[in-house]
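S.K.: Pasting a predicted model and its sequence here:
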2 protein chains.
Amino acid sequence: MATETTVEKLANDLAEAILAGVFPPGSKLDENQLAQRYEVSRTPVREALRQLATTGLIEFRPRRSAIVSTVTPAQLEELFIAMGEIEATCARLAAISMAPTERRRLQMVHERMGQAELQNDPSAFAEDNHLLHAMIYSGAHNAVLKDMAISLRRRLSPFRRAQFHLEGRPPRSFREHDAVVSAITRGDAAAAHAAMLHHVMLIEQSYEDLCATQTLRLPVNETN
Amino acid sequence: MATETTVEKLANDLAEAILAGVFPPGSKLDENQLAQRYEVSRTPVREALRQLATTGLIEFRPRRSAIVSTVTPAQLEELFIAMGEIEATCARLAAISMAPTERRRLQMVHERMGQAELQNDPSAFAEDNHLLHAMIYSGAHNAVLKDMAISLRRRLSPFRRAQFHLEGRPPRSFREHDAVVSAITRGDAAAAHAAMLHHVMLIEQSYEDLCATQTLRLPVNETN
DNA sequence: GACACAATTATTGTATGCAATATTTCTCTT
DNA sequence: AAGAGAAATATTGCATACAATAATTGTGTC
């Protein structure tokens, strides 16, 4: 048994399961069932649920089962906008306060991402994409904003995953990153902010496009 | 007993007590003591503590007592910067998307605040100050950013309280607000952002000044 | 047959109990 | 006397038990 406590592990596992779609939005989280499933008692289950409730992943209504938070399209858009703003803020601060080493490493990862795209290696591309954004959060040198960004990114991960499958996204993503990275490395705060805002806005847009094509396809699939 | 559950009430009471300084930073939060103090069992106490831990107000170390989070000066500065950035973002979005009614009401509260300052009514001034900022959060029309701003403001409240006692702050605060409100009402997003950033930065500065004078005064008081 | 109300069941909320770990205190050695 | 180690104590972590409330099912009446 590691240094990790049962509740900690439960909270992580549950969050992962929810984000992976094991417990779909709106579904009830029965404490007894969860206790059986994870082979623990209800006490740690409840503590984990409370923790997840404060992060917004689930809703804890008194005297009723906790349910996985349902996000309406309107709420989803607010989440995307908030994430865009936070990321843009981090990019702006990064442009101001990144150390020379950090700027060089950022540039390096960005270029490696370009290689991954040319070699058509989506897994390496996705990994470096994540790393690049994480480096920008860190580069802001502000743990509070960094945590916010990570939390939002995590919460939006189910909606961002599909994005990579969309036609033409990786090369476009690379070009958008280029504007961000270039602005940060040359210390242009305003440009970094604007470029990142633009980038995340386009991600949201591509998600919406994906939704649109899917709602058109769904009825077709039903007839099969 | 209202619709409110014990844990909910406990979490609120505890948070208020911590922010009020009843439990100073670094102090241990003994579960049994808290259970006795609030006349409940340890179970709801633990759930409340976990909830507070995820908000960052306390730290929950495994197998050790939870402690009230200690904020180093460096962390405090990060909190202030994060709050400035979030508030500035809200101001920018508010300048873009506030409805005409909201803009008028904002202007109204701002002017009333000026009256309160002239009439030397610090309580009315403080209340409207809070309202003004809250209106800007709401005016961004983004619940996620609004929650972040409220959460940060709450967390910084112990450090902001003293600020009003500082010489010359209210009139200066009014002038700073004027720049923000004017930019928002005329829809100048960039100016709203810049003005709010400037305003919160000055708040932080005045807090630091206060700290400086207090550290100078403290030894003097000890000799009395 | 459908709706309403009541009894039953199930599930959450809180309390208590036990086991495991951390902290404290006491003793022994150097 | 000071430090190290061990026993004792205290406190956390988790499980179980009971109480209170919501959900469900069944029965009776219209």
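M.R.: Received it, and whenever you're ready, just let me know what you need. Residues are numbered from 1 along each chain as shown, chains lettered A, B, ... in the order given.

S.K.: gap between the residue positioned nearest the centre of chain A and residue A:181?
M.R.: Geometric centre of chain A, nearest residue: residue A:153, 2.3 Å, by Cα atoms, centre = their mean. According to Cβ to Cβ, to the nearest Å, residue A:153 and residue A:181 sit 18 Å apart. In this view, the C-beta of every residue, glycine as well, is placed from N, C-alpha and C.

S.K.: Check residue A:27 too.
M.R.: Counting by Cβ to Cβ - residue A:27 and residue A:181 are separated by 40 Å.

S.K.: Of the two, which one has the most company?
M.R.: residue A:181 (25 against 15; other Cβ atoms under 10 Å in any protein chain shown).

S.K.: dump the residue contacts of that one.
M.R.: Each residue near residue A:181 by Cβ atoms under 8 Å, 6 or more residues apart in numbering or on different chains is listed here: A:106, A:107, A:110, A:132.

S.K.: was I right about the third one contacting residue A:132?
M.R.: Spelled out, that is residue A:110. Yes - using Cβ atoms under 8 Å, residue A:110 makes contact with residue A:132 at a distance of 6.2 Å.

S.K.: anything in contact with each of these two?
M.R.: With Cβ under 8 Å, 6+ apart, residue A:110 and residue A:132 have common neighbours A:177, A:181.

S.K.: Residue A:67: which element?
M.R.: strand A:66-68 (DSSP states H and E).

S.K.: Repeat that for residue A:157.
M.R.: Per DSSP H and E: helix A:143-161 holds residue A:157.

S.K.: And for residue A:70?
M.R.: Counting by DSSP H and E, residue A:70 is part of no helix or strand.

S.K.: How about the secondary structure of the residue lying closest to it once chain neighbours are set aside?
M.R.: Excluding the flanking residues, the one nearest residue A:70 by Cβ to Cβ, 6 or more residues apart in numbering or on different chains is residue A:25, at 4.3 Å. For residue A:25, the assignment made with DSSP: H, G, I helix; E, B strand; the rest coil gives coil.

S.K.: Burial check on residue A:25, number of neighbours?
M.R.: When neighbours are counted by other Cβ under 10 Å, residue A:25 comes out with 15.

S.K.: go on, residue A:13?
M.R.: Using other Cβ under 10 Å, residue A:13 is surrounded by 15 other residues.

S.K.: buried subset of the contacts of residue A:181?
M.R.: A:106, A:110, A:132 (16 or more other Cβ atoms under 10 Å in any protein chain shown).

S.K.: Contact partners for the last one?
M.R.: With contacts taken as Cβ under 8 Å, 6+ apart, residue A:132 has the following neighbours: A:106, A:109, A:110, A:113, A:177, A:181.

S.K.: try the second one
M.R.: Taking Cβ under 8 Å, 6+ apart, we find residue A:110 in contact with A:132, A:177, A:178, A:181.

S.K.: Is it within a helix or a strand, and which one?
M.R.: helix A:100-118.

S.K.: what's the spacing between that helix and its chain's center?
M.R.: 21 Å (Cα atoms, centre = their mean, to the nearest Å).

S.K.: mind listing what's buried in the helix or strand just after it?
M.R.: Going down the chain from helix A:100-118, the next helix or strand is helix A:122-139, by DSSP H and E. Buried residues in helix A:122-139, counted by 16+ other Cβ under 10 Å: A:125, A:128, A:129, A:131, A:132, A:133, A:135, A:136, A:137, A:138, A:139.

S.K.: Not including adjacent chain positions, what is the nearest residue to the third one?
M.R.: With Cβ to Cβ, 6+ apart as the measure, residue A:113 is the residue that lies nearest to residue A:129, at 6.5 Å, once sequence neighbours are left out.

S.K.: which ones are touching whatever residue of chain A ends up closest to DNA strand D?
M.R.: Closest contact between chain A and DNA strand D, by Cβ to the nearest atom of the strand, is at residue A:6 (2.5 Å). By Cβ under 8 Å, 6+ apart, the contact set of residue A:6 is A:40, A:44.

S.K.: what's the spacing between it and residue A:25?
M.R.: For residue A:6, the distance to residue A:25 - Cβ to Cβ - is 26 Å.

S.K.: Same question for residue A:175.
M.R.: To residue A:25, residue A:175 is 33 Å away according to Cβ to Cβ.

S.K.: With residue A:54 instead?
M.R.: 18 Å.

S.K.: do residue A:61 as well
M.R.: For residue A:61 relative to residue A:25 (Cβ to Cβ), the value is 15 Å.

S.K.: neighbours around residue A:196, how many?
M.R.: The burial count for residue A:196: 29, using other Cβ under 10 Å.
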